[in-house]
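A.B. asks: below is the sequence, then the predicted model.
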Amino acid sequence: MNRIEHIGIAVKNLDDSNKLYAKLLGKTHYKIEEVLSEGVRTSFFELGENKVELLEAMNNESPISKFIEKKGEGIHHIAFAVDDIVSEMTRLKNEGFKLLNEVPKKGADNKLIAFVHPKSANGVLVELCQEIE
Ligand code: ZN
């Protein structure tokens, strides 16, 4: 893995949180994107080579709405940039990690993504992401 690509934060209200994080970070988000497959609306803030992703549930089936129900708002996942997501998934499987996806899927911000189960990573939901060329 190359670096932390972004930190994902679950929020109840994206518009309110965009304002809050604009104040906190001293800059505004550069995009808002809906990921229908995940039932989330996301926004992204750029900080050097890293990003902050805010995630709001679009419906009750969304993993974000379940997360907030259980744990409240807060850090939801850490995403690592990889060059080759398929070979990284194979490597992690061989190391005994449990993956939440069999194959990479299309995520927000022009990325192929896959998740590692938090139970195999000390309670942290880990996202792998590869930029789509
Ligand atoms: Zn993410």
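C.D. replies: Alright, I've got the coordinates. Predicted, not measured: the structure shown is a model, and the values here were computed from it.
A.B. asks: would you map the strands across this protein?
C.D. replies: 3-11, 31-35, 40-47, 50-57, 74-81, 105-107, 111-116, 126-131 (DSSP state E).
A.B. asks: lowest-confidence stretch among the ones you listed?
C.D. replies: Between these, the one with the least mean pLDDT is strand 105-107; it has a mean of 91.
A.B. asks: that one: partners in the sheet, and parallel or antiparallel?
C.D. replies: strand 111-116 (antiparallel) (DSSP bridges).
A.B. asks: so the strand it pairs with, near the ion or not?
C.D. replies: No. Judged by C-beta under 5 Å from the ion, strand 111-116 makes no contact with the ion; its nearest approach is 6.8 Å. Where you see a C-beta, it was placed from the backbone N, CA and C, and this is true even at glycine.
A.B. asks: buried residues in that strand, which are they?
C.D. replies: Within strand 111-116, the residues scored as buried using 16 or more other C-beta atoms under 10 Å are 111-116.
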